[in-house]
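Asker: any chance you can model this:
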Amino acid sequence: MAAEHGLILDFTTVLGASALGGYLANRLRQPVLLGYLVAGLALGPYGFKLLSDVPRIQSLASIGVAFLLFALGVEFSLAELKRVKDIAIKGSLLQIGLTTALVAFLTIALGWVENFTQGIFLGVVLSLSSTAVVLKTLTERGETNTVHGQVMLAILIAQDLALGLMLAFLPVLNQPERLVWAIGMALLKVLLFLALAIAFGRWIVPKLISNVAATESTELFVLTVIALCLGVALVTAKLGLSIEMGAFIAGLMVSEIEHADHALAKVLPLRDTFACLFFASIGMLIDPVALIQNLGLVLGLVTLVMLGKAIVLMPIIFKFGYSLKTTILTSLGINQIGEFSFVLALAGLQLQLIPERTYFLLLETTAITLVLTPISLKIAPQLVEYLTQIPFFAKLLRQFTEPNIFSIPETISGHVVVAGYGRVGQVIVNILLNQGYVVLVIENSEAAIQRLRMQRIPYIFGDADSELVLEKTHLETAKALAIALPDPASSRLLLKRALAIAPKLDVIARSHHDNEIDLLTQMGAKEVVQPEFEAALELGAHLLATLGAAKSQIDRVITDIRTDRYRSIRPGR
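Answerer: Numbers count the residues shown, from 1 in each chain. Reported below is the predicted structural model:
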């Protein structure tokens, strides 16, 4: 009983410290993820040692990873996966292969390893990036549906698939004659699992979820979804593959059924709760004393790794036809060392592929790159924006952001430009078309372009905030611009550049966060809409009507709130 109470106490302590760390990080305008990492450092064996069972907490943390990837699978869907399959498979293989070869060559040339086998091992460890940290940061920033977000996630998911092969060939790395057999067996496991997953997802999961949903029991529905997520993740772990891979596949199974959104809504609170355990567990691995003793070496390795991986990634991403902006953002987003590198490093230590000192240096370097990832993702858009102010890079960006597909009437004028053809953008376009307006859509998703092409809606394929793309839209003769992009940084840059071309243009912008409402208004947007507030206003209007309020009174209340830019209903006001 005392042991059970100890686990509850540890669990509560980590959650409480993570909440405090996340709050402080938020107040300091930093990602809450950094607060979780610092909380783990403070509580762990190298901090104040406030936890009695760190390994148990780290085991629970794997549930957070599973829920993170399950939610991603539900949101990603098979259609989205197909769209990025080339960069996912070919691009990730190139990245892993080049990173491994480069690390092996450098470590041997510099005398950091004793033989080629150790160099290959270090290359494999450093080739992985962090799906969990990148996904959490992209989710916080609302960038999972951006082009660079989906390219990052495609490469990361492919890396998770490759982890099973890596774990398979490590034990026989010193035995070349068994290497082919080990890789072959690992591939067979992956293919067998994927075949069973496809069959299970097509014929069993839809019926199972539908039958459970028919009971109208929220409790049973939640339990079934959790069991499916963790069950599939456990199967992949037993097969020697990654937990992340199993949870993601489970999410894909659910993504194609009509109850997908309901399942996602039930998992999100659990995802956020257990995810903070995972990030805190990473903080627990950082030894401040060892870090200070080896500070110069660790910082040098961190710089070498993050710059090196970005340099390797850039030509690969660019090769697949993505814009220079997307290339830079993606390369700076997944240039860390992944959390599953901890697993590979421990396996290498046990197999005597690396000495103990190298193992601890890997731990410290990996942990620091994970801590720096949210910061890197935060400054990457600002870096791209800064580069556009430098003539040389501005010319380079213009050269490589040429819209390669466009369908615009030769004499288009008096039209409305809609930037972004996601859920919000599609509604705007349909409203305008139904009222007889001429519409021109800017979109950089090939799937969305296909829909526009089928509906014969004029479009430009490219980044909406690109000056070269905007030049093609005839903004000077347009009636209005509606910004419905999923990326806040791109929205701001587009607004700035659009008004530079057409200062009197009426611009309607979508706000992602409360603090953007005033910012976009100050930048020149005529109207800034916050979707969540608008949904609340509609609910409030219906409720007032139900309670007997006159229509004129309701209209006055709603108009006053909108005129005041939602100030009276913003949280904290």
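
Asker: tell me which residues in the longest helix along the chain are buried?
Answerer: Among the elements of the chain assigned as helix by DSSP state H, the one spanning the most residues is helix 356-387. The neighbour-count check on helix 356-387 (16 or more other C-beta atoms under 10 Å) flags 358-374, 376-378, 380-381, 384-385, 387 as buried. Placement of C-beta: from N, CA and C, glycine included.

Asker: residue boundaries of the helices in the stretch 151-300 of the chain?
Answerer: With DSSP state H, counting those that start in this stretch as the definition, the stretch 151-300 of the chain shows helices at residue ranges 176-199, 205-214, 218-238, 243-255, 260-283, 288-293, 295-319.

Asker: let me see the mean pLDDT of the third one.
Answerer: To tie it back to what came earlier, the one meant is helix 218-238. Averaging pLDDT along helix 218-238 gives 89.

Asker: CA atoms of that helix as CSV?
Answerer: As requested, the backbone C-alpha atoms of helix 218-238 are provided in CSV (Å, rounded to 0.1, in the frame of the first residue of the first chain):
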residue,chain,number,x,y,z
THR,A,218,-19.3,7.8,-23.1
GLU,A,219,-17.5,5.6,-20.6
LEU,A,220,-17.4,2.6,-22.8
PHE,A,221,-16.4,4.7,-25.8
VAL,A,222,-13.5,6.3,-24.0
LEU,A,223,-12.3,2.9,-22.7
THR,A,224,-12.5,1.3,-26.1
VAL,A,225,-10.5,4.1,-27.8
ILE,A,226,-7.8,4.0,-25.1
ALA,A,227,-7.6,0.2,-25.2
LEU,A,228,-7.2,0.4,-29.0
CYS,A,229,-4.5,3.1,-28.9
LEU,A,230,-2.4,1.4,-26.2
GLY,A,231,-3.1,-2.1,-27.4
VAL,A,232,-1.7,-1.5,-30.9
ALA,A,233,1.2,0.4,-29.4
LEU,A,234,2.0,-2.5,-27.2
VAL,A,235,1.9,-5.0,-30.1
THR,A,236,4.5,-2.9,-32.0
ALA,A,237,6.6,-2.7,-28.9
LYS,A,238,6.5,-6.5,-28.5
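
Asker: now do that helix: distance to the chain's middle.
Answerer: Its chain's C-alpha centre and that of helix 218-238 lie 22 Å apart, by C-alpha atoms, centre = their mean, to the nearest Å.

Asker: with the last one instead?
Answerer: Mean C-alpha position of helix 295-319 versus that of the full chain (C-alpha atoms, centre = their mean) differs by 20 Å.

Asker: immediately after that helix, which helix or strand?
Answerer: Towards the C-terminus, the helix or strand next in line after helix 295-319, according to DSSP states H and E, is helix 324-333.

Asker: can you count the residues close to Gln530?
Answerer: In terms of burial, Gln530 registers 20 neighbours under the definition other C-beta atoms under 10 Å.

Asker: oh sorry, the question was meant for Leu15
Answerer: By other C-beta under 10 Å, the burial measure for Leu15, its neighbour count, is 16.

Asker: my guess is it contacts Phe279. True?
Answerer: No. The pair Leu15 / Phe279 is not scored as a contact, 12.0 Å apart, by C-beta atoms under 8 Å.

Asker: quick revisit: looking at the helices of the stretch 151-300 of the chain, which is nearest to His148?
Answerer: Shortest separation from His148 across the helices of the stretch 151-300 of the chain is recorded for helix 295-319, at 9.0 Å, computed as C-beta to C-beta.

Asker: is it correct that Ala502 is in contact with Glu476?
Answerer: Yes. Using C-beta under 8 Å, Ala502 and Glu476 qualify as a contacting pair, with a distance of 5.0 Å.

Asker: more neighbours, the two?
Answerer: Shown here are Ala502 and Glu476; by other C-beta under 10 Å, Ala502 has more neighbours (18 against 11).

Asker: residues touching the closest residue to that one other than its chain neighbours, list them.
Answerer: Nearest non-adjacent residue to Ala502, counting by C-beta to C-beta, 6 or more residues apart in numbering: Leu475, 4.3 Å away. Applying C-beta atoms under 8 Å, 6 or more residues apart in numbering, one finds that Leu475 lies in contact with Val417, Leu481, Ala498, Ile501, Ala502, Leu505.

Asker: counting by contacts, list what the host helix or strand of Glu538 packs against.
Answerer: Using DSSP H and E, Glu538 sits in helix 531-546. Contact analysis of helix 531-546 by 3 or more C-beta pairs under 8 Å, 6 or more residues apart in numbering; DSSP states H and E lists helix 551-563 as its packing neighbours.

Asker: ok, what's across the strand from Ala480?
Answerer: Listed by DSSP bridges, the beta-bridge partners for Ala480 are Val416, Asp506.

Asker: what about it, neighbour count?
Answerer: A count of nearby residues for Ala480, using other C-beta under 10 Å, gives 17.

Asker: quick check: it touching Ile508?
Answerer: Yes. Counting by C-beta under 8 Å, Ala480 touches Ile508, with 6.6 Å between them.

Asker: isn't there a helix covering Val441?
Answerer: No. The assignment for Val441 is strand, going by DSSP: H, G, I helix; E, B strand; the rest coil, so no helix is present there.

Asker: so in terms of bridging, what pairs with it?
Answerer: Going by DSSP bridges, Val441 is paired in beta bridges with Val418, Tyr459.
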